[in-house]
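Undergrad: coords please:
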Amino acid sequence: MTTPDIQTNSAVDKIRAGAQELGACNKANDIRSFADVAESLFSPQGREFAMKHDYPTIELWRSAKLECSALSNHAIYVDVPTLTLHLDERRKHVALIGDTAARVYIDAPDALHHIILMHGASVEVNASNYATFTLEADKSSAYVLNLDNTAKRL
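TA: Modelled structure (predicted):
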């Protein structure tokens, strides 16, 4: 008696394969770890690709969270109901995904910060002290900006 082959793919493999199917650049071929996923996502091309294609899907992000309990170490937060973060010279970016509601503080003038919202996430951004940041959100996500006279969204 033979048993059917069982093929298992990690969330990383599925993210890479899906990105390739959607026409991602050759850099997608190098995605082999969650650190690579994060590096790709936070690159200018990766942010543009994620927003244009609404990719990775919420299902893939939830799979990733199950496989990588330390996804937050890569500045990616999936389905975190309440979150407070401070972006500074070391922590320059964050992706908020799914059922995530965050309050983000930015007051570091020497770095450009990036905030990504996907699949219904929400954020309140409090920026001051000449901080600069980008915020990219899909249609299902929401944000509130509280900026002093010096902070700027690019």
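Undergrad: tell me the contacts of residue 61?
TA: By CB atoms under 8 Å, 6 or more residues apart in numbering, residue 61 lies in contact with 76, 78, 97-98, 118-119. C-beta here means a position set from N, CA and C on the backbone, and glycine is covered the same way.
Undergrad: one more time with 6 Å
TA: Residues in contact with residue 61 (CB atoms under 6 Å, 6 or more residues apart in numbering) are 78, 97.
Undergrad: Relative to residue 131, how far out is it?
TA: Using CB to CB, to the nearest Å, residue 61 is found at 27 Å from residue 131.
Undergrad: Return the alpha-carbon coordinates of the helix or strand of the chain with the lowest mean pLDDT using CSV.
TA: Least confident element among the helices and strands of the chain, by mean pLDDT, DSSP states H and E: helix 11-21 (a mean of 91). These are the backbone C-alpha positions of helix 11-21, laid out as CSV (Å, rounded to 0.1, in the frame of the first residue of the first chain):
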residue,chain,number,x,y,z
ALA,A,11,4.7,30.5,4.9
VAL,A,12,7.9,31.9,3.7
ASP,A,13,7.9,29.6,0.7
LYS,A,14,4.2,30.5,0.0
ILE,A,15,5.0,34.2,0.2
ARG,A,16,7.9,33.9,-2.2
ALA,A,17,5.9,31.8,-4.7
GLY,A,18,2.9,34.1,-4.6
ALA,A,19,5.0,37.2,-5.1
GLN,A,20,6.7,35.5,-8.1
GLU,A,21,3.3,34.6,-9.5
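Undergrad: immediately after it, which helix or strand?
TA: For helix 11-21, the succeeding helix or strand toward the C-terminus, using DSSP states H and E, is helix 34-42.
Undergrad: That following helix packs against which elements?
TA: On a contact count with 3 or more CB pairs under 6 Å, 6 or more residues apart in numbering; DSSP states H and E, helix 34-42 meets no helix or strand.
Undergrad: Many thanks, I have nothing further to ask.
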